[in-house]
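1. All I have is the shape, not the residue letters:
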């Protein structure tokens, strides 16, 4: 591995420092409710990162990552409640279950490529809700299932208020997300990561160089789905309730859009995508809150719906900055 | 492996009676086929829209369903005038509501849809100049998301009642061998087939049709003989979006008008288009027929699938076709250059 590529750039170091300060300050500023919401936003980075691994690094367009988030959430709830597993094991297995389902989707991806894969994954995203309604013993059917087990702070944790518990959950989730980001960064910069990118750029050439296409594609998809599944598992940690109506096809598409808007093919892109989604949504809600804006207010109502903004953002960025927010500074060397 | 619990016994009994009825009850079978034909027509026309665009531009328009739903809302507004708004903001009231009749409203919606399709091609697709798959997916997905949430914002997410195009009351059907064939099914097929005849006439016997066929086969060669490729593609998009609008308006009564109503229909239409071959109009028609029939017949005779999962066979057939015969039934095989 080229050391220059591996070294963390000055820009990234600055970004990491800012992020760490922000993460350390957040719990002191908020109430339990908004701390939970902040944690949910941080957790959603994982789903976006999952799309980034499949699409940005592996070159396989996935429009259905909401499905893997759902599988992770349902599976974790099932393990922790019905099989009464300890939380940590349930989270790991929940992510692994999503990873296995991702590998199953990855198998046809060996032959189905490009736009056709996008089609199949979109179909999957649309089918997921009726599918999960069909198995009510695991998913709770139409109304969803609430999970009896609570992810509470252990005895040695200082303080036993609700806030202390929230902070504990927050720190746990932040730790897991940071670990996942770090692990993903290592994977994409490893030998395997280079074979992923070789596959993305030209799979025939990659095969000629001795890369096993089957295992590389399936593994990439499994890792990517596993990350999304981890996101689902942590959602259950935060709110002990899962329901199929949290996973409409639009959710999958917004996750995809966040990945693209943030920037595919860089770890930073996923973080930026989630930040952008949050900022746009909050700004829209704040402005729409003012009275007497008339039709302009209605426009900001729309901003509140991040789906609208991300739809437009996807179109605008494809024209202006094909590498997403993370790539604004980057010269357009390779037309994506 | 199977223990004879009361549940499994019940299941096998159900299975036995279902198989028996499959052998014996031809009337029920015929009835189910008749019921399926309505959906078949809808899937065929949306699949046709997808095929027309794929054939000429090589892109799958994921936003086709949402664009079509939007036109159905336009027909709805034309028919019923400014609506008391269900939720917050809305611009529906801006369009003056003239008392339209249903056919007029649908024609208006189709014209709006065609204009929207042409504008989309001109403003969003052509400037990209044949960019990568990823860029095209991004554009159409962006359009899907934006149009979907725009509709939810303007007209609310609650379902609206869209009037039936054909008489569809209790007694409105032909009786054939004891099975009821609804007037609406016959009407939808009559519209679909007559539009298809028009399409074939257009493609075979007009200069624009000739140009379109040339562009579909080879854009660069078409350009060399003086055909304005961009303009021709724009007409193609308009045509496709017209088909989409027709599909949405004709089905809005049975699936209830709501912002995401075409999302599920889109899966069936994509399955139909893939099955028939993504670049074959004939394939779209046949694929729509097969997918529509399987949607009704498979859940009826395979109890495990059930009506909740009726969309699953469509998705699976899409995957299987893409795996074993990516060109579909009638599509042209593509040879990939390395």
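-> Perfect, thanks for sending it. Owing to the predicted nature of the structure, the values given are computational and were not obtained by experimental measurement.
2. Can you pull the poorly scored residue ranges out of the chain?
-> Since no chain was named, I'll use chain A. For chain A, the stretches with pLDDT under 70 are A:1-8, A:288-305, A:329-336.
3. To clarify, I was referring to chain B.
-> Under the criterion pLDDT under 70, the flagged ranges of chain B are B:1-24, B:81-100, B:130, B:335-338.
4. Tell me, how many residues neighbour residue 243?
-> With no chain named, the answer covers chain A. The criterion is other Cβ atoms under 10 Å in any protein chain shown. On that basis, residue A:243 has 19 neighbouring residues. Yep, even glycine has a C-beta here, placed from its N, CA and C like the rest.
5. that's the wrong chain, I wanted chain B
-> 30.
6. what's the spacing between it and residue B:146?
-> Taking Cβ to Cβ, to the nearest Å as the criterion, residue B:243 is separated from residue B:146 by 22 Å.
7. Sticking with the spatially most central residue of chain B, tell me its helix or strand.
-> In chain B, the C-alpha nearest the mean C-alpha coordinate belongs to residue B:46, at 2.5 Å (Cα atoms, centre = their mean). Using DSSP states H and E, residue B:46 sits within helix B:26-57.
8. how about the strands of the chain, start to end?
-> Went with chain A since none was named. Taking DSSP state E, the strands of chain A run over residues A:145-146, A:241-242.
9. looking at chain B here, not the other one
-> Chain-ordered strands for chain B, with DSSP E as the definition, fall at B:173-176, B:179-182.
10. Dump those into CSV; add distance to residue A:263 and mean neighbour count as well.
-> Output for the strands of chain B, formatted as CSV (distance: least, Cβ to Cβ, whole Å; neighbours: other Cβ atoms under 10 Å in any protein chain shown):
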stretch, distance to residue A:263, mean neighbour count
strand B:173-176, 57, 12
strand B:179-182, 52, 18
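11. so which of the ones you listed gets nearest chain A?
-> Closest approach to chain A among the strands of chain B is made by strand B:179-182 (25.3 Å; Cβ to the nearest Cβ).
12. Now the residue nearest to the centre of chain B: closest residue in space that isn't a chain neighbour?
-> Distances taken as Cβ to Cβ, 6 or more residues apart in numbering or on different chains put residue B:269 closest to residue B:46, at 3.7 Å, once the chain neighbours are dropped.
13. dump the residue contacts of the one you found.
-> Each residue near residue B:269 by Cβ atoms under 8 Å, 6 or more residues apart in numbering or on different chains is listed here: B:43, B:46, B:47, B:49, B:50, B:64, B:65, B:247, B:288.
14. So which bits of the stretch 201-338 of chain B are right by chain A?
-> Taking Cβ under 8 Å from any Cβ of the partner chain as the criterion, the stretch 201-338 of chain B approaches chain A at residues B:260, B:263-264, B:266-267, B:270-271, B:274, B:306, B:308-309, B:311-312, B:314-315, B:318-319, B:322-323, B:326, B:338.
15. Domains in chain B, by residue range?
-> The record, using automatic domain parsing to delimit domains, assigns chain B the ranges B:45-257, B:260-338.
16. Columns distance to residue A:220 on top of the ones you listed, output as CSV?
-> Output for the domains of chain B, formatted as CSV (distance: least, Cβ to Cβ, whole Å):
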stretch, distance to residue A:220
domain B:45-257, 16
domain B:260-338, 19
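17. Now distance to residue A:211 too, for the strands of chain B, in CSV please.
-> Supplementary listing: those in CSV, determined by distance: least, Cβ to Cβ, whole Å:
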stretch, distance to residue A:211
strand B:173-176, 60
strand B:179-182, 56
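18. Could you save the ones you listed as a markdown table and add columns showing distance to chain A?
-> Rendered in a markdown table, the data for the strands of chain B read as follows (distance: least, Cβ to the nearest Cβ, whole Å):
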| stretch | distance to chain A |
| --- | --- |
| strand B:173-176 | 29 |
| strand B:179-182 | 25 |
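19. Out of those, flag the one nearest residue A:128.
-> For residue A:128, the closest of the strands of chain B is strand B:179-182, at 31.9 Å, according to Cβ to Cβ.
20. Pairing partners for that closest one, with directions?
-> Looking at strand B:179-182 with DSSP bridges, its paired strands and their directions are strand B:173-176 (antiparallel).
21. which other residues reach the strand it pairs with?
-> Strand B:173-176 is contacted by residues B:30, B:34, B:180, B:181, B:182, B:183, B:186 when judged by Cβ under 8 Å, 6+ apart.
22. still on that earlier bit, thought the residue nearest to the centre of chain B was touching residue B:245?
-> No. Taking Cβ atoms under 8 Å as the definition, residue B:46 is not a contact partner of residue B:245, at 10.1 Å.
23. and of the strands of chain B, who's closest to residue A:181?
-> Nearest of these to residue A:181, taken as Cβ to Cβ: strand B:179-182 at 56.8 Å.
24. How far off centre is that closest one?
-> 23 Å (Cα atoms, centre = their mean, to the nearest Å).
25. again, but for stretch B:146-158
-> On the basis of Cα atoms, centre = their mean, stretch B:146-158 is displaced by 20 Å from the centre of the chain it belongs to.
26. Excluding sequence neighbours, find me the nearest residue to residue B:152.
-> Computed as Cβ to Cβ, 6+ apart, the closest residue to residue B:152 that is not its neighbour in sequence is residue B:259, at 4.6 Å.
27. Would you mind measuring from the one you found to residue B:117?
-> Residue B:259 sits 19 Å away from residue B:117 when distances are taken as Cβ to Cβ.
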